[in-house]
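Engineer: Give me coordinates for this.
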Amino acid sequence: MSEPFSPTSLPPAFDEYPGSIVDERSPLLGTFSAGSVVTDPGIFASNLTREEDLLAAPNTATYVDDEEYRPPRRSPRRLNAARRRKRFRNARRANSESDLRKLRRPFIASPFMPTVATQTAIADRRRASAAGSNQQGRSVASSSATNGKYGALQLKKSTPEEEDDEDEEEEDSSPDSSSTSEDSSVTRFSDLTGKQWAAVGMLAIANLCSTVAFSCIAPFYPGEAQMKGLTTSEIGVIFGVFELVMFVTTPILGKYMALLGSKKVFTFGILFTGVTAIAFGLLNLLPEGRIFFWASLGIRCAEALGDASFVTSSFVISAKSFPGRIATIVGIMETFAGLGYTAGPVIGGVLYEYGGFQMPFFVLGVLLILASILSIFLIEEFEDDEEETDDEKGMLGMLKIPVIWIMVFAIIICAISLNFFDPTLADHLASFNLSTTLVGLMFLLCGGIYTATAPIWGLLIDRWHCCNALMVFGSTATIFSMLLIGPSPIFNFEKNLIMIGIALAIMGVAAGALYIPTFQNCLDAVKEYGYDDSFKTYGCVSGVFQSAFALGAFIGPTLGGMSVEAIGFPWTTTIIGFINIVFVTFLSVYLTTKSKICSTPTKEHRAIPQV
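Structural biologist: As a prediction, this is how the structure comes out:
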């Protein structure tokens, strides 16, 4: 019996060419090879042929070489030719990993082949390019030596290290991580469920009822109040107190929205507004005089409180439920708000004509109560933030942000421009001897076009993030509208009905372009100043937002009416246009300055303070 095989016992002819050592019983090893040993990593890595690469597949079999050295039975030339033919046949048969598993002979790592580490890396690259995925198992070779002799070489399948997997997953996902996180923050309308669409409808109905509750009394309440002994100034107070209460209560509701809960505030607001609407319809049963005045004033204040509750919470719910689509949802809500503002007097007048004083309020109240019941099932209950925030991150801290005051000013002048026409436009059109229907159509030009264009601005903002450009456009268009509708004494224009109609249409377009981007800009601004993405932040922004609009809606009819009595309609519109000139100039300078400072734009909605 010959001595056991060892690498040093190879014949001299094979010392220079270890690759010729082939075992005829193995597709890889020659006659002079015995027990195989995994050599040091990196050795023979460049000698890996295509056939050996294809055969480097995992296998759980075990092969034990003979301990004795056996001389070759054939000449080396014939043996090498036979070896090449056998490898060629095996290579043609091993076209996939499934074919490799069908090979009868076990895989043996020979001394002239790359080590297991090299084989694994090459095999992984090959499988990744062919199948698009990495193999989960890897072959690890282990050998045992007994009494100075080489024992069996076993190929065990083991899972890769967890750290390597984590690194590979991070490398694979890193190119798309930014786009994935960005897309996940955007709510696509095609992905909305039926319940989410119902929630959008509920938010829209809430804003519709809000403006209907405010405007439906315009055609008939002044006449009823005069029959009860109220003066014109007292009637004006009853009209104006609605917006005044909203101006006071919306910041408070916004500040404590996280504590109260947005869904609870929303449901309570709709229910309370419905109850007070029905109560307002019972005022004609009261005696005339002071009782009627104070009862009207008190119920109107209560109705404004309920209205402020569900309108403020609706902005919070939309911001939390539809991230990335806030401007679009606000545009939808403003569409229905404009629809209620435009159609409210018509609805109130028709119901009053057919059912009397109580009919408009009963219908509105019942609809609101039903809506409050539906909101319990349709509006999602969000978990409010448990962490308390100091005043620096609350309402007071928010009011220290300069951009918030720019947005507040934009909202106020937008509300003034819209609501200024309520008590003054009809008298301005009196010289044309128009019928009541035509006067109503002139009002419809502004409110109707605002209603139609509001969702368009929202879609543009969500698609191209053009908040600042729309605000500049809206304010500039408001300037032209105010100068034409007078017409302004600065220009030598004659009063023209067609020009007034065009100016009102421009005003409807401009108001939406100026108003819709402000809420998105407020949210982006406070987040850039370190505010969390929380209910408290949304509540504070919504409170400031609604309070500013209520202040403008209160100033427009009151101070605007006084200004018309003092200096006339043309000069009043000129002053409003001049205020818009100041605003658009300041906004343009601010944006230009910030654009020079900003050096790294982002893909997110860009607020005015670009940092």
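Engineer: helices and strands around the helix or strand harbouring Ile404, which ones?
Structural biologist: Element membership of Ile404 [criterion: DSSP states H and E] is helix 402-419. Judged by 3 or more CB pairs under 8 Å, 6 or more residues apart in numbering; DSSP states H and E, helix 402-419 is in contact with helix 467-485, helix 497-528, helix 535-567, helix 569-597. Heads up, the C-betas are built off the backbone N, CA and C, glycines and all.
Engineer: Compile these into CSV and extend it with columns for distance to Ile270 and mean neighbour count.
Structural biologist: Shown next, in CSV, are the helices and strands packed on helix 402-419 (distance: least, CB to CB, whole Å; neighbours: other CB atoms under 10 Å):
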stretch, distance to Ile270, mean neighbour count
helix 467-485, 30, 22
helix 497-528, 21, 22
helix 535-567, 16, 22
helix 569-597, 34, 17
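Engineer: Any idea which of those gets closest to Gly365?
Structural biologist: Nearest to Gly365, of all the helices and strands packed on helix 402-419, is helix 535-567, at 22.2 Å by CB to CB.
Engineer: on contacts alone, who are the packing partners of the closest one?
Structural biologist: Packed next to helix 535-567, using 3+ CB pairs under 8 Å, 6+ apart, are helix 232-255, helix 257-260, helix 290-321, helix 395-398, helix 402-419, helix 421-428, helix 497-528, helix 569-597.
Engineer: so which of these gets nearest Leu460?
Structural biologist: Across the helices and strands packed on helix 535-567, closest to Leu460 is helix 497-528 (CB to CB), at 9.0 Å.
Engineer: For the residue lying closest to Val330 once chain neighbours are set aside, list the residues it contacts.
Structural biologist: What sits nearest to Val330 in space, not counting adjacent residues and going by CB to CB, 6 or more residues apart in numbering, is Phe519, at 5.3 Å. For Phe519, the contact set (CB atoms under 8 Å, 6 or more residues apart in numbering) comprises 315, 326-327, 330, 541-542, 545.
Engineer: Break the chain down into its domains, please.
Structural biologist: Split into domains by automatic domain parsing, the chain comes to 7-160, 190-384, 389-611.
Engineer: With distance to Trp405 and pLDDT as new columns, can the contacts of Phe519 be given to me in TSV?
Structural biologist: Formatted as TSV, the contacts of Phe519 follow (distance: CB to CB, whole Å; pLDDT from 0 to 100):
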residue	distance to Trp405	pLDDT
Phe315	19	77
Ile326	21	70
Ala327	21	70
Val330	20	74
Val541	13	85
Ser542	17	79
Phe545	13	83
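Engineer: Rebuild the residues you listed as JSON lines, extending it with distance to Val346.
Structural biologist: Converted to JSON lines, those look like this (distance: CB to CB, whole Å):
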{"residue": "Phe315", "distance to Val346": "27"}
{"residue": "Ile326", "distance to Val346": "31"}
{"residue": "Ala327", "distance to Val346": "29"}
{"residue": "Val330", "distance to Val346": "25"}
{"residue": "Val541", "distance to Val346": "33"}
{"residue": "Ser542", "distance to Val346": "29"}
{"residue": "Phe545", "distance to Val346": "28"}
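Engineer: Might you list the low-confidence residue ranges for the stretch 351-500 of the chain?
Structural biologist: 382-393, 436-437 (pLDDT under 70).
Engineer: Check the gap between the residue nearest to Val330 and Asp427 for me.
Structural biologist: Noted for Phe519: a distance of 34 Å to Asp427, by CB to CB, to the nearest Å.
Engineer: With Met407 instead?
Structural biologist: Applying CB to CB, the value for Met407 to Asp427 is 33 Å.
Engineer: more neighbours, those two?
Structural biologist: When Met407 is set against Asp427 and neighbours are counted by other CB atoms under 10 Å, the residue ahead is Met407, at 26 against 11.
Engineer: measure the closest residue in space to that one that isn't next to it in sequence to Met507 for me?
Structural biologist: Distance criterion CB to CB, 6+ apart; nearest residue to Met407, sequence neighbours excluded, is Thr518 at 4.7 Å. Using CB to CB, Thr518 is found at 17 Å from Met507.
Engineer: Ser431 now?
Structural biologist: 20 Å.
Engineer: Show me the shaky parts of the stretch 51-200 of the chain.
Structural biologist: For the stretch 51-200 of the chain (pLDDT under 70), the answer is 51-79, 87-192.
Engineer: Thank you kindly, that will do.
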